[in-house]
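In: after the sequence you'll find the predicted model.
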Amino acid sequence: MMAITIIVLLLGLMAVGVPVGFAMAVSGAVGLYWVGNWDMLLGVLQTVPLSTVSSYEMITIPMFLLMAELVLKSGIADDLFDAAAAWVGGVRGGLGMATAMAGAGFGAICGTSTAAAATLSATSLPAMLRHGYEPKVAAGVVGISGTLAMLIPPSVVLIIYGLLAEANIGRLLIAGIVPGLLISVTIMLTVYVLAVLRPDSAPVSPRQPLMQRVRLLKVVGPMIVLMMAVTGVIYTGLATPTEASALGAFGALVIAAARRRLTFGSLFDATRRAVQGTCMIAMILMGASIFGYFFTLTMVTQDLVGWVSSLHAEPWVVMLLILLVYIILGAFMDQLAILVLTVPVVLPVAVTLGYDPVWFGVMVIVTAEVGLLTPPMGLNCFVVAFYAQRPVTEVFAGIWPHVFAHFIPLGLMLAFPQIVLWLPSLMK
């Protein structure tokens with residue numbers, strides 16, 4: 001009864017607009033006082049902030065956020081779609097496929113889905129509309145492509161999951177590569193099928209000359225090298241994710257300077273935005289830690305694990321139900337809030353069922369991608385509608401084929417976990 005009351009308090013605070021980090025901190029503090037006394041509560045409040053922000057892995061977040069901001073300032077991200085469109089735009093649905101490729105590329109230097117969706121809305125969506133694409137088809141592919149930033153390294157969401165789950169962040173980032181590519185291909189195939197079934201909705205664009213395609217490839221070359229360098233040093237073991245994030249931030253600084261886009265004002269603005277994002281995430285993690293102490297003392301997690309064990313159901317059935325709950329939650333809550341609320345409780349259940357924490361993290365992120373698109377929350381859809389100045393109903397109408405197609409790679413990864421775990425297993 002105590003745990004239910006505190007959870008209701010948490011949901012109530014979030015419902016009235018209290019930021020999730022503060023809501024978890026307040027409700028967790030009330031629960032700790034209820035369980036113990038002032039001494040217990042003060043002891044937790046004195047130790048949690050320092051232990052949370054002093055983590056070595058925590059440095060990864062501001063560095064990758066700074067890397068993304070500097071790449072945005074350099075303007076090179078805007079060339080991604082042009083380069084992809086030049087190479088695949090000449091086939092049926094080619095500009096939609098180029099949007100998926102640009103989404104994957106932008107995700108590899110951005111790490112946040114809303115920023116990726118906003119950028120694609122300003123670049124690829126107008127281009128598709130100019131070439132005669134049906135508005136809902138164009139908006140749908142932009143919305144789904146923006147979610148790839150949650151999965152393809154350096155994914156900030158995967159890093160947050162790693163901090164919450166105390167999992168190996170390097171393995172998590174590498175584990176996102178194959179699923180990210182699989183989902184990118186799924187988006188491209190969905191666009192192609194839609195274009196074949198209804199040719200008027202996605203016309204063929206003029207084929208670009210070879211020299212033009214090569215020139216555009218050279219423009220985005222430095223960013224491709226930066227992406228491969230950051231991922232490569234983590235995969236080969238030459239650097240930790242924290243060291244790789246510093247390398248990425250420095251590389252982005254060099255690219256911005258080389259393109260003559262780096263000024264004191266742009267550097268200050270990029271740093272400020274990275275600091276703001278880091279402070280928000282740090283507060284969420286601190287609130288999750290305080291709330292987690294309450295859950296530990298009230299034995300909620302252990303009781304849940306015991307209850308699941310008593311069901312005597314097949315592990316895959318239980319996991320299917322867990323993922324279904326994540327999809328439902330994603331339709332109503334922010335994905336970051338879902339992670340910090342559920343991972344400390346659900347992860348022990350997944351481990352008890354015999355699933356790898358790295359695999360489970362990737363599955364949760366892929367499921368959360370669906371939540372970013374489904375109404376009534378559908379954050380990415382609202383972002384696309386705002387930046388593209390299109391009706392949000394149009395965006396929602398265009399994402400459903402991609403939502404249903406998303407369940408295919410999700411089912412494959414559930415049936416064959418090695419799709420996720422194969423690449424991390426080869427790491428040094």
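Out: Perfect, I can see it now. Residues are numbered from 1 along each chain as shown.

In: may I see the buried residues of stretch 339-347?
Out: With burial defined by 16 or more other Cβ atoms under 10 Å, the residues of stretch 339-347 counted as buried are 339-344, 346-347. Yep, even glycine has a C-beta here, placed from its N, CA and C like the rest.

In: same thing with stretch 282-291?
Out: Applying a neighbour-count criterion of 16+ other Cβ under 10 Å, the buried positions in stretch 282-291 are 282-291.

In: residue 249: which of the residues you listed is nearest?
Out: Distances from residue 249 to the buried residues of stretch 282-291, taken as Cβ to Cβ, are shortest for residue 282 (17.7 Å).

In: quick one, what contacts that closest one?
Out: When the contact criterion is Cβ atoms under 8 Å, 6 or more residues apart in numbering, the partners of residue 282 are 52-53, 58.

In: what kind of secondary structure is it in?
Out: The local conformation at residue 282, judged by DSSP: H, G, I helix; E, B strand; the rest coil, is helix.

In: any stretches of this protein with poor pLDDT?
Out: 1, 77-78, 110-112, 300-306, 308-309, 332, 334, 376-377, 428 (pLDDT under 70).

In: tally of neighbours for residue 23?
Out: Other residues lying near residue 23 total 24 when counted by other Cβ atoms under 10 Å.

In: I meant residue 59, not that one.
Out: Burial measure for residue 59: 18 neighbouring residues, criterion other Cβ under 10 Å.

In: same question for residue 265.
Out: Should you count by other Cβ under 10 Å, residue 265 turns out to have 9 residues around it.

In: what about it, which helix or strand?
Out: When elements are defined using DSSP states H and E, residue 265 is found to belong to helix 264-297.

In: now the residue nearest to the spatial centre of the chain: how far from residue 161?
Out: The geometric centre of the chain, computed from its C-alpha atoms, lies nearest to residue 150 (Cα atoms, centre = their mean), at 1.7 Å. Using Cβ to Cβ, to the nearest Å, residue 150 is found at 10 Å from residue 161.

In: cool, and residue 46?
Out: Per Cβ to Cβ, residue 46 is found 27 Å from residue 161.

In: tell me which of these two has more neighbours.
Out: Regarding residue 46 and residue 161, a neighbour count based on other Cβ under 10 Å identifies residue 161 as having more, with 26 against 9.

In: quick check: neighbours shared by residue 150 and residue 161?
Out: In the contact map built from Cβ under 8 Å, 6+ apart, the residues linked to both residue 150 and residue 161 are residue 365.

In: contacts only, for residue 29.
Out: Here residue 29 is in contact with 41, 44-45, 290 (Cβ under 8 Å, 6+ apart).

In: now do the buried residues in the helix or strand hosting it.
Out: Using DSSP H and E, residue 29 falls within helix 20-35. Applying a neighbour-count criterion of 16+ other Cβ under 10 Å, one finds 20-21, 23-32, 35 buried in helix 20-35.

In: which SSE is immediately downstream of it?
Out: helix 38-53.

In: tell me the angle that following helix makes with helix 264-297.
Out: Using axes from the mean of the first three to the mean of the last three Cα atoms, to 10 degrees, the direction of helix 38-53 lies 140 degrees away from that of helix 264-297.

In: would you put the C-alpha positions of the helix or strand just after helix 38-53 in PDB?
Out: Per DSSP H and E, the first helix or strand lying C-terminal to helix 38-53 is helix 60-74. Backbone C-alpha positions of helix 60-74 (Å, rounded to 0.1, in the frame of the first residue of the first chain) are rendered in PDB as follows:
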ATOM      1  CA  THR A  60      30.200  10.800 -21.600                       C
ATOM      2  CA  ILE A  61      26.900  12.700 -21.700                       C
ATOM      3  CA  PRO A  62      28.100  16.300 -21.900                       C
ATOM      4  CA  MET A  63      30.900  15.400 -24.400                       C
ATOM      5  CA  PHE A  64      28.500  13.700 -26.800                       C
ATOM      6  CA  LEU A  65      26.000  16.500 -26.400                       C
ATOM      7  CA  LEU A  66      28.700  19.000 -27.200                       C
ATOM      8  CA  MET A  67      29.800  17.000 -30.200                       C
ATOM      9  CA  ALA A  68      26.300  17.100 -31.500                       C
ATOM     10  CA  GLU A  69      25.900  20.800 -31.000                       C
ATOM     11  CA  LEU A  70      29.200  21.600 -32.700                       C
ATOM     12  CA  VAL A  71      28.300  19.400 -35.700                       C
ATOM     13  CA  LEU A  72      25.000  21.300 -35.900                       C
ATOM     14  CA  LYS A  73      26.900  24.600 -35.800                       C
ATOM     15  CA  SER A  74      29.200  23.400 -38.600                       C
END
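
In: in contact with the residue nearest to residue 270 when sequence neighbours are not counted, which residues?
Out: The spatial neighbour of residue 270 that comes closest, neighbours along the chain excluded (Cβ to Cβ, 6 or more residues apart in numbering), is residue 69 at 3.7 Å. Contacts for residue 69 (Cβ under 8 Å, 6+ apart) come out as 269-271, 273-274.

In: likewise for residue 7?
Out: For residue 7, the set of contacting residues under the criterion of Cβ under 8 Å, 6+ apart consists of residue 27.
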